[in-house]
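Enquirer: Sequence first, predicted coordinates after that:
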Amino acid sequence: MAILKENTVVSDPDTGQPVVLSAGEQVPAWAVGQVGDHLAEGGDVEAETSYEDQKVADLRKEIDRRNADRDPSGDEDIKPDGTSKEALVAALEADDARSE
């Protein structure tokens, strides 16, 4: 699990607005491509896959980001079985397994 050593600012992939990530937080999945390894400790930022340790809002944002890149007429959208953190994690893990 990659944890930020310092505060940093990244761009929200949906809005382009700046988002502050604070030292001590886990790097959210949607921000992985924007945070260099020099800002994290405890793991390779690019290898970040632990959804269980992420916030519900970050999990939802990752699902929305992935769905935005897909054909809306297809059945490829991620559709969690509920709104709980466990349902969001399960949906993301299932999507990861499908794309392998």
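Expert: Structure received. Numbering: from 1, shown residues only.
Enquirer: what does the lowest-mean-pLDDT helix or strand in the chain contact?
Expert: Using mean pLDDT, DSSP states H and E, strand 40-41 stands out as the lowest-scoring helix or strand of the chain, at a mean of 80. The set of residues external to strand 40-41 that reach it, using Cβ atoms under 8 Å, 6 or more residues apart in numbering, is A2, I3, L4, K5, V27. (Glycine included, C-beta is placed from N, CA and C.)
Enquirer: Verify the stated contact: the second one with G24.
Expert: Going back to what we said before, that points to I3. Yes. If you go by Cβ atoms under 8 Å, I3 and G24 touch, sitting 6.4 Å apart.
Enquirer: So these two - more neighbours on which side?
Expert: I3 (16 against 10; other Cβ atoms under 10 Å).
Enquirer: phi, psi of that one?
Expert: Main-chain torsions, I3, degrees, to the nearest 10: phi -110, psi 140.
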